[in-house]
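Asks: predicted model, plus sequence, below.
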Amino acid sequence: MTATTAVNSAAGNTADIAAIERFLYRETDLLDSNDLDSWMALFTEDGTYWMPVAPDQQDPHGHISILFENRAVMAVRAANFGHRLAASMEYPVRCSHLIGNVRLLALDASSGDCTVRSNFQAVLYYREQRLFAGTYTHKLQRVADGYRIEQKRVDIINCDANHKSILTYI
C-alpha cells in the first residue's frame, strides 16, 4: 500500500482508501445501470438507505425522512421499478453519478469496519433532467471479499426543499 492509498488509524492499522473508492465506484455503476438487485446485494442483511429531510437530522426514527428503507422495502422498490406496468418503465430512467473527495471518518481497527464520507453529484433523467448534489456517508462492514453497506446516508443539499417523486436511488 502506498501512502496515498492507506490511512493510518490510531491503533496503527490501515484502511485502504483505494479499495473503498473502488467499492463506492462499483455502487454508483450499479445505480447508473439501474441494476437494483445487484446494488441491494452490496448491503448487509440489516442494511439501510437513509435520506434525511433536514440538514442536521440525527436519526431516521424520531423525525420524518425523505427516504428510510431497509432491505425489504428496497426489494419492493426494485420489483416495482422493473415491473412492465410501472411508471418507471414508460420511459427509460438514466443516471450519471460522480463521486469524489472520499475521506475516512472512523475505523474499527479490530474488524476493519469503517465510516467514510464523500461528495457526490447525480444527474437523473426521466422525462426531464434533475440534478442532485450533496454528501454520502457510508457505514461499511468489512467482509472477506471487500465491504458491505450497513447504512448509506444521503444528505442532499436541498433536502428541506419540495421534491418531485424520486424514481430511483441517488
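Replies: Happy to help now that I have it.

Asks: buried set for stretch 41-48?
Replies: When neighbours are counted by 16 or more other C-beta atoms under 10 Å, the buried residues of stretch 41-48 are found to be 42-44, 47-48. Where C-beta positions appear, they are placed from N, C-alpha and C, glycine not excepted.

Asks: stretch 132-141 too?
Replies: Using 16+ other C-beta under 10 Å as the burial criterion, the residues of stretch 132-141 that qualify are 132, 134, 136, 138-141.

Asks: what is the nearest of these to A54?
Replies: Each of these was checked against A54 using C-beta to C-beta; the closest is G134, at 12.8 Å.

Asks: show me what the helix or strand where the closest one lies packs onto, helices and strands only.
Replies: Using DSSP states H and E, the element containing G134 is strand 128-143. Packing contacts for strand 128-143, counted by 3 or more C-beta pairs under 8 Å, 6 or more residues apart in numbering; DSSP states H and E, involve helix 17-32, strand 114-126, strand 146-156.

Asks: among those, which is nearest R103?
Replies: Checking the helices and strands packed on strand 128-143 against R103 by C-beta to C-beta gives strand 114-126 as the closest, at 5.6 Å.
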